[in-house]
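In: Pasted the sequence and its predicted model underneath.
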Amino acid sequence: MTDLSNHFTLDIQQITHGPDRNHFFGYIGHAQTIPWSHDGRYIVAMRTHFQDHMPGPGEIADIVLLDTANDYAVEKVDETTGWNPQQGTMLYWDPDPETCRFFFNDRDSKTGKIFTVLYDVSKRTRSREYRCEDTPFANSGVAQSGGWFCGLNYARMARLRRVTGYVGAWDWTEGVDHPEDDGIFKVDIESGRVEVLISFAQIAEAIAPTMDEPVTALFINHTLCNRSDDRIYFYARGGWDGNPGVKVNQPFTVSPDGSNLALQTIFVGGHPEWEAGDTNRLIGGKDGKLVLYDTDLQQIVGQIGTPDIIKGPGGDTALSPDGNWTVTGYGIDSHYNEWVVYRRTDGTWARTPRYDQRPYVKGDLRSDPGPLWNRHNTQVLFPSLVEDGSRQLHLIQIV
């Protein structure tokens with residue numbers, strides 16, 4: 001089943017099935033984005049009846065639970081119209097281990113305004129909705145230890161980089177390049193208190209000295225909280241997808257109180273991961289290698305594996321909860337995805353077979369590798385196209 005060095009192998013199982021329904025999680029397993037509930041009983045995921053176009057207003061995705069104690073039986077528990085194929089609906093279990101709750105995004109069917117839902121599995125109901133009527137945004141990254149989450153304006157993202165946004169959502173910033181009332185939001189989970197952590201106006205001011213031309217209209221992708229929850233990494237971008245202006249792809253770090261905004265000078269791939277036990281280092285791709293990047297020194301300070309083992313580290317890498325394993329998914333030979341699991345303690349590794357992603361290889365509807373760990377460092381969930389053309393979830397078991 002696997003190409004490997006020694007010591008462990010990978011057993012792979014398809015756990016959801018079509019052909020009339022697609023199942024996927026939708027986001028990458030960085031920043032401890034884990035689909036399993038704290039007790040391991042349920043895997044939260046999404047189910048859709050189409051994958052051939054970007055969802056517009058009113059096009060529903062089901063929120064489902066897969067029962068690991070019952071052959072991954074699928075139970076619909078809710079639904080959403082705030083989603084896209086690449087990032088899903090930003091599912092994330094509440095880090096509080098005493099709860100059985102998860103977050104997802106949604107939009108109001110009447111106003112088109114987006115918001116975030118906290119769903120209580122034990123009661124099978126929404127326990128809370130986080131709405132901001134004047135500046136509607138939704139979850140973009142939960143603090144790994146809990147207590148708060150970041151939020152972004154997915155309507156603005158849909159205008160400026162369609163693949164990452166919610167098409168047709170209500171956007172109060174249309175026509176404003178660098179708004180002061182939009183950027184990264186921060187929400188206290190308990191109180192619901194909202195603040196603008198850092199605004200587009202502040203970000204544009206930081207970028208301006210690096211450019212010879214005016215800073216174009218910006219959007220933000222990937223607000224990643226580190227494991228100590230004292231630093232957020234994100235990308236400020238602009239001029240993408242044919243939008244006017246010079247293209248911007250600028251990484252930053254910022255403290256969760258909005259201080260210490262730091263423009264990062266080295267790009268380590270579009271989907272980096274925070275290192276465990278070290279608050280200032282990222283895992284990412286550089287010059288064909290999976291590297292460690294120090295955001296304080298702004299230098300490459302280490303490497304994980306070799307390019308012969310981890311062939312495409314510019315893709316999606318997730319670090320296991322204990323920090324001892326990486327799994328990297330990447331595209332190869334134009335239309336295949338494969339995944340390599342690497343044990344950092346001794347350098348052993350194993351690789352999955354190739355999975356054909358045609359026709360969803362590029363663009364807004366592409367099937368990203370998106371690997372996700374379980375809480376015990378023993379299983380990895382990933383999505384892939386299957387023979388009947390549907391998108392389904394697969395499970396890697398490390399044995």
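Out: Thanks, I have the structure now.
In: Only C-alpha atoms from now on, for both contacts and neighbour counts.
Out: Will do.
In: any low-confidence regions in the chain?
Out: Low-confidence segments of the chain, defined by pLDDT under 70: 1-6.
In: As a check, name the ranges of all helices in it.
Out: Residue ranges of the helices in the chain, as given by DSSP state H, are 154-160, 200-207.
In: Show me what the last one is packed up against.
Out: Read that as helix 200-207. Counting by 3 or more Cα pairs under 8 Å, 6 or more residues apart in numbering; DSSP states H and E, the packing neighbours recorded for helix 200-207 are strand 218-225.
In: Could I get the full set of strands for the stretch 51-200 of the chain?
Out: In the stretch 51-200 of the chain, the segments counted as strands under DSSP state E, counting those that start in this stretch are 61-67, 73-80, 92-93, 101-107, 114-120, 125-130, 138-142, 148-152, 183-188, 194-199.
In: about what we covered before: need the helices of the chain in a markdown table with mean neighbour count and distance to Tyr233, can you?
Out: Formatted as a markdown table, the helices of the chain follow (neighbours: other Cα atoms under 10 Å; distance: least, Cα to Cα, whole Å):
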| stretch | mean neighbour count | distance to Tyr233 |
| --- | --- | --- |
| helix 154-160 | 25 | 17 |
| helix 200-207 | 17 | 13 |
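In: Turn the ones you listed into JSON lines, including distance to Pro95.
Out: Below are the helices of the chain laid out as JSON lines (distance: least, Cα to Cα, whole Å):
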{"stretch": "helix 154-160", "distance to Pro95": "23"}
{"stretch": "helix 200-207", "distance to Pro95": "29"}
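In: Out of the ones you listed, which is closest to Ala73?
Out: Nearest to Ala73 among those is helix 154-160; the distance by Cα to Cα comes to 31.6 Å.
In: Just the residues contacting that closest one, thanks.
Out: With contact meaning Cα atoms under 8 Å, 6 or more residues apart in numbering, helix 154-160 is reached by 114, 137-138, 164-171, 173-174, 218-220, 238-241, 243.
In: Quick one: buried ones out of those?
Out: Listed as buried from those are 114, 137-138, 164-171, 173, 218-220, 238-240; burial here means 16 or more other Cα atoms under 10 Å.
In: For Gly370, find the nearest of the helices of the chain.
Out: helix 154-160 (19.9 Å).
In: mind listing the strands in the stretch 251-399 of the chain by residue range?
Out: Using DSSP E, counting those that start in this stretch, the strands of the stretch 251-399 of the chain run over residues 262-263, 273-274, 281-286, 289-294, 299-304, 316-319, 325-332, 336-343, 349-351, 355-356, 372-373, 379-385, 391-398.
In: The fifth one pairs with which strands, parallel or anti?
Out: Using DSSP bridges, strand 299-304 pairs in its sheet with strand 289-294 (antiparallel).
In: what angle sits between the strand it pairs with and strand 325-332?
Out: 130 degrees (axes from the mean of the first three to the mean of the last three Cα atoms, to 10 degrees).
In: List the contacts of Gly141.
Out: Taking Cα under 8 Å, 6+ apart as the test, what Gly141 contacts is 90, 149-151, 222-225.
In: and the nearest residue to Trp349 once chain neighbours are set aside, how many neighbours?
Out: The shortest distance from Trp349 to any non-neighbouring residue, by Cα to Cα, 6 or more residues apart in numbering, is to Tyr342 (4.3 Å). A count of nearby residues for Tyr342, using other Cα atoms under 10 Å, gives 24.
In: Phe149 versus Tyr342, what's the distance?
Out: Applying Cα to Cα, to the nearest Å, the value for Tyr342 to Phe149 is 30 Å.
In: try Ser259
Out: Separation of Ser259 from Phe149 (Cα to Cα): 17 Å.
In: Look at those two and report which has more neighbours.
Out: Just comparing Ser259 and Phe149: by other Cα under 10 Å the higher neighbour count belongs to Phe149, 22 against 12.
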